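K.L.:
Give me a 3D structure for the following:
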Amino acid sequence: MMVVYKGKVVFEYGDVARATSVASVRKSVLDMLYAAELKNLKDNLNYATVVELGLQDKVPFVHPEELANFEQLLASRSGIYIANGNGDQDALTPKRGSEYPGTHFFYNNWDFNALGTAFEKLTHKDIYDALRDDLAIPIGMQDFDRARQKKAVDPAQAHDGYPMWLSTRDMARLGVLMISHGNWGGKQLADGDFLSWSTNVVTPFADINPTSLHQIGLPTRWGYGRLWWVWDGAVYPGNTFVGPYQGAYSAMGSGGQFITVFPMMDLVVVHKVDIDANYAANMSALGYDSALDMVLDARCGTDCN
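P.N.:
Here you go, the predicted structure:
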């Protein structure tokens with residue numbers, strides 16, 4: 001675990017140099033790669049359909065799936081419910097053709113993996129080469145190993161997964177890049193407007209599906225933006241302050257992988273669990289939120305010496 005306040009490491013615990021699987025944090029990193037490559041992408045990309053992007057699957061689209069566009073993939077609102085090889089997720093997926101694109105959120109690996117395919121088609125770059133060249137080298141990642149990064153290839157799937165192996169301290173660098181709106185040491189590495197757009201709520205907490213991801217009895221209120229989980233609370237302009245979670249957003253992965261950014265506090269919190277060593281190891285979302293609250297409560301503000 002690491003805590004970075006105003007660009008300085010104020011707390012670390014455990015082996016922060018060990019690179020292990022980040023699970024679904026990969027999706028938020030992909031969003032950062034899109035922001036880094038935005039200047040090289042075509043105009044009006046948001047409205048390009050899955051057919052125009054060449055994202056046809058091994059089974060034909062069922063109407064109206066073919067109408068889903070790039071932005072709806074980013075927001076996991078495509079309405080495309082083709083089985084993606086995740087048995088637990090596939091069992092909960094709505095019936096194909098039952099939801100019009102853009103109208104319904106379902107946390108769906110088909111969307112996320114198709115976005116990986118789209119990235120490589122649009123940029124003509126391997127996703128891991130882009131991770132190395134656009135992010136890892138420019139921000140000085142210390143533990144990134146290009147040879148370690150390998151896709152999850154499934155012959156039954158048209159769109160491969162793109163697992164990533166990163167260390168806690170390198171994830172913290174990504175969090176600092178986010179809180180700096182894509183700027184690193186005075187150099188704009190990623191489009192800040194795109195990152196801000198990605199970290200605004202698209203799907204409020206109450207509309208998150210499957211319903212296991214919005215347990216109303218728990219105190220957390222994470223909605224979804226575009227490849228980032230975003231705190232579902234109003235963001236007020238000016239000097240109005242309604243608490244540390246205002247404007248907060250987080251990359252989250254199974255087992256306890258998190259990069260959480262608190263813009264109002266200039267604070268980044270990163271947590272990892274080595275699920276490579278023990279896949280059953282886990283930090284629950286509730287446990288992590290408790291840890292976040294302790295970090296936030298530890299801030300001493302202007303009384304610090």
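K.L.:
How about the secondary structure of residue 4?
P.N.:
Under DSSP: H, G, I helix; E, B strand; the rest coil, residue 4 falls in the strand class.
K.L.:
Tell me how many other residues crowd it.
P.N.:
By other C-beta atoms under 10 Å, the residues close to residue 4 number 22. Heads up, the C-betas are built off the backbone N, CA and C, glycines and all.
K.L.:
Equivalent analysis for residue 98, please.
P.N.:
By the criterion of other C-beta under 10 Å, residue 98 has 11 neighbours.
K.L.:
what pLDDT does it get?
P.N.:
For residue 98, the model assigns a pLDDT of 97.
K.L.:
Quick check: residue 156 touching residue 84?
P.N.:
No - with contact defined as C-beta atoms under 8 Å, residue 156 does not reach residue 84; the gap is 9.7 Å.
K.L.:
so what's the closest residue in space to residue 192 that isn't next to it in sequence up against?
P.N.:
Leaving out its chain neighbours, the residue that sits closest to residue 192 by C-beta to C-beta, 6 or more residues apart in numbering is residue 181, at 3.5 Å. Residues in contact with residue 181 (C-beta atoms under 8 Å, 6 or more residues apart in numbering) are 192, 195-196.
K.L.:
Which among those residues count as buried?
P.N.:
Among the contacts of residue 181, the ones that count as buried by 16 or more other C-beta atoms under 10 Å are 195-196.
K.L.:
Can you add pLDDT and secondary structure and give the contacts of residue 181 back as JSON lines?
P.N.:
Output for the contacts of residue 181, formatted as JSON lines (pLDDT from 0 to 100; DSSP: H, G, I helix; E, B strand; the rest coil):
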{"residue": "192", "pLDDT": "98", "secondary structure": "helix"}
{"residue": "195", "pLDDT": "98", "secondary structure": "helix"}
{"residue": "196", "pLDDT": "98", "secondary structure": "helix"}
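K.L.:
and which of the contacts of residue 181 is nearest residue 168?
P.N.:
residue 195 (21.3 Å; C-beta to C-beta).
K.L.:
which residues does the closest one contact?
P.N.:
31-32, 35, 178, 181-182.
K.L.:
from the residues you listed, which two are the most distant?
P.N.:
31 and 181 (13.6 Å).
K.L.:
avg pLDDT for the longest helix seen in the chain?
P.N.:
Ranked by residue count, the top helix of the chain under DSSP state H comes out as helix 109-123. In this model, helix 109-123 has an average pLDDT of 98.
K.L.:
Which elements pack onto the helix or strand just after that helix?
P.N.:
Going down the chain from helix 109-123, the next helix or strand is helix 127-130, by DSSP states H and E. Judged by 3 or more C-beta pairs under 8 Å, 6 or more residues apart in numbering; DSSP states H and E, helix 127-130 is in contact with helix 25-37, helix 109-123.
K.L.:
among those, which is the most enclosed?
P.N.:
Most buried of the helices and strands packed on helix 127-130, by mean neighbour count (mean count of other C-beta atoms under 10 Å): helix 25-37, with a mean of 24.
K.L.:
Just the CA atoms of it, as PDB, please.
P.N.:
C-alpha atoms of helix 25-37 as PDB (Å, rounded to 0.1, in the frame of the first residue of the first chain):
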ATOM      1  CA  VAL A  25      -7.200  -1.900 -13.000                       C
ATOM      2  CA  ARG A  26      -6.100  -2.600 -16.600                       C
ATOM      3  CA  LYS A  27      -9.300  -1.000 -17.900                       C
ATOM      4  CA  SER A  28      -8.500   2.400 -16.300                       C
ATOM      5  CA  VAL A  29      -4.900   2.200 -17.600                       C
ATOM      6  CA  LEU A  30      -6.300   1.600 -21.100                       C
ATOM      7  CA  ASP A  31      -8.300   4.800 -20.600                       C
ATOM      8  CA  MET A  32      -5.000   6.600 -19.900                       C
ATOM      9  CA  LEU A  33      -3.500   5.100 -23.000                       C
ATOM     10  CA  TYR A  34      -6.400   6.500 -25.100                       C
ATOM     11  CA  ALA A  35      -5.800   9.900 -23.500                       C
ATOM     12  CA  ALA A  36      -2.100   9.600 -24.400                       C
ATOM     13  CA  GLU A  37      -2.900   8.700 -28.000                       C
END
